[in-house]
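Trainee: The sequence and its predicted three-dimensional model are supplied below.
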Amino acid sequence: MSRARLNIFLEPDHARRLAQLAGLKGVSKSAIIAAALASYLSPDGADRREAAIARRLDRLARQIDRLERDQTILIETVALFVRYTLTVNAPIPPAHQDAARAQGRERFQQFVDQLARHLQRGRSLVGQVHEEIGPDNAPFFGLDGEEEDPGGAGTSIPGGNISGDEAGP
């Protein structure tokens, strides 16, 4: 098989990387360029690139779905906690407010310490909640294909919602 001789111009960085790759693989620069050109010109090359891009996009979509699920859990958790706290806690008389503030600072420090321990162990509370709820509860995570609430009346979760329409936990 005869070959055609071509003179090409490469960016210095590309030439350096080509030389490094040829040295690592133990093949000539011409062989690497011929293989790259064959892959680029091959009729199924575009299909392979498209398949690789589709796999990457699918992976990104799954990651976004997990982020969306985790964000929903976090928003609902905070909203329910705030509702519960505001509903259950009675107003503090002015004479007891200094003691309540001191106790609040102490409790907050305990919370921060516990959070630090939890994060150092590498465990995810959102992951634990997801495991407890289980994948059988797909509607909770908006994975059942139903439309979102068009009226914006509130986001429902099992056992209550944050819209105030139903009783809390």
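Mentor: Happy to help now that I have it. Remember, predicted model here, so these are calculated numbers, not experimental data.
Trainee: Following element in sequence after the lengthiest helix in the chain, please.
Mentor: For the chain, the longest helix by residue count, based on DSSP state H, is helix 45-88. As assigned by DSSP states H and E, the chain's next helix or strand after helix 45-88 is helix 97-120.
Trainee: and that next one, how far out from the chain's middle?
Mentor: 28 Å (C-alpha atoms, centre = their mean, to the nearest Å).
Trainee: Please work out the average pLDDT along that helix.
Mentor: Here helix 97-120 scores 90 as its mean pLDDT.
Trainee: Export only the CA atoms of that helix, formatted as PDB.
Mentor: Only the C-alpha atoms of helix 97-120 are listed here, as PDB (Å, rounded to 0.1, in the frame of the first residue of the first chain):
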ATOM      1  CA  GLN A  97     -35.100  36.000  77.100                       C
ATOM      2  CA  ASP A  98     -31.500  36.300  78.200                       C
ATOM      3  CA  ALA A  99     -31.500  32.700  79.500                       C
ATOM      4  CA  ALA A 100     -33.200  31.600  76.300                       C
ATOM      5  CA  ARG A 101     -30.600  33.300  74.200                       C
ATOM      6  CA  ALA A 102     -27.800  31.600  76.100                       C
ATOM      7  CA  GLN A 103     -29.500  28.200  75.800                       C
ATOM      8  CA  GLY A 104     -30.000  28.900  72.000                       C
ATOM      9  CA  ARG A 105     -26.300  29.700  71.600                       C
ATOM     10  CA  GLU A 106     -25.400  26.500  73.400                       C
ATOM     11  CA  ARG A 107     -27.800  24.400  71.300                       C
ATOM     12  CA  PHE A 108     -26.600  26.000  68.100                       C
ATOM     13  CA  GLN A 109     -23.000  25.100  69.100                       C
ATOM     14  CA  GLN A 110     -24.100  21.500  69.700                       C
ATOM     15  CA  PHE A 111     -25.800  21.500  66.300                       C
ATOM     16  CA  VAL A 112     -22.600  22.800  64.600                       C
ATOM     17  CA  ASP A 113     -20.500  20.200  66.400                       C
ATOM     18  CA  GLN A 114     -22.900  17.400  65.500                       C
ATOM     19  CA  LEU A 115     -23.000  18.600  61.900                       C
ATOM     20  CA  ALA A 116     -19.200  18.600  61.700                       C
ATOM     21  CA  ARG A 117     -19.000  15.000  63.100                       C
ATOM     22  CA  HIS A 118     -21.700  13.900  60.600                       C
ATOM     23  CA  LEU A 119     -19.800  15.500  57.600                       C
ATOM     24  CA  GLN A 120     -16.500  14.100  58.700                       C
END
